[in-house]
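Asker: What would the 3D arrangement of this be:
(one chain, ligands or ions: 1)
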Amino acid sequence: MSKFHLKNGDLTVYALACGYMQKHSANNIETTLYHEGCLFHVRSYNFVEHKRIAWESFESIGEARKEYRRQCKNATINMEKLVQEYINCGGVFCPFCQSNELSTHNVEFNEGVATQDVSCNDCQKHWTDTYTLLSVQCRTGF
Ligand SMILES: [Zn+2]
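Answerer: Purely as a prediction, here's the structure:
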């Protein structure tokens, strides 16, 4: 077994004690697990809004890992919620920073599905929207 990683990819206590940090990023939120001053710290930070979301300290690595997973999961759920809001509003605001300075490119049609690449001019993120064929209106009369 590696000195630094457990089988599941987690950093070992040894690695943490050496100053390594375990990191997870989702939805502009970075969650870190690290060791400092005899304690294990779990911190979530929104690096776009520069805002701390959570910071917990534990004496036991088991408790710290549990909290780390909880915070990672929260960040991911948050992202799904933002994407749903983005879809509900018709894709007019950036799901990451809420800017309406979006650029679209490369619209492609493919058997009832269209995709378009979108990028945000404010936070520089980019993603692909998918559209499906919704209805047909005959313009020559049925
Ligand atoms: Zn943005």
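Asker: how far away is the residue nearest to Leu133 when sequence neighbours are not counted from the ion?
Answerer: Leaving out its chain neighbours, the residue that sits closest to Leu133 by CB to CB, 6 or more residues apart in numbering is Gly112, at 4.1 Å. C-beta here means a position set from N, CA and C on the backbone, and glycine is covered the same way. Using CB to the ion, to the nearest Å, one gets 29 Å for the distance from Gly112 to the ion.
Asker: Tell me if I'm right that Leu102 and Cys120 touch.
Answerer: Yes: look at Leu102 against Cys120 with CB atoms under 8 Å: they come within range, at 5.8 Å.
Asker: if I pick Thr32, what's in contact with it?
Answerer: Shown in contact with Thr32 (CB atoms under 8 Å, 6 or more residues apart in numbering): Met21, Gln22, Lys23, His24, His41, Val42, Arg43, Tyr45.
Asker: Same check on Phe93?
Answerer: Tyr86, Ser99, Asn100, Leu102.
Asker: Next, the third one: phi, psi?
Answerer: It refers to Asn100. phi -100, psi 10 (degrees, to the nearest 10).
Asker: wait, isn't it in contact with Cys94?
Answerer: Yes: here Asn100 reaches Cys94: they are 7.4 Å apart, a contact under CB under 8 Å.
Asker: okay, the two: which has more neighbours?
Answerer: Cys94 (21 against 10; other CB atoms under 10 Å).
Asker: Go ahead and report the secondary structure state at that one.
Answerer: Classification of Cys94 by DSSP: H, G, I helix; E, B strand; the rest coil places it in coil.
Asker: how much space between it and the ion?
Answerer: 3 Å.
Asker: In this structure that residue contacts Leu102, no?
Answerer: Yes: using CB under 8 Å, Cys94 is in contact with Leu102, at 6.1 Å.
Asker: shared neighbours, those two?
Answerer: Counting by CB under 8 Å, 6+ apart, the contacts common to Cys94 and Leu102 are Cys120.
Asker: domain ranges for this structure?
Answerer: If you go by automatic domain parsing, the domain ranges for the chain are 13-88, 94-142.
Asker: Let's have these in a markdown table, adding mean pLDDT.
Answerer: Converted to a markdown table, these look like this (pLDDT from 0 to 100):
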| stretch | mean pLDDT |
| --- | --- |
| domain 13-88 | 93 |
| domain 94-142 | 92 |
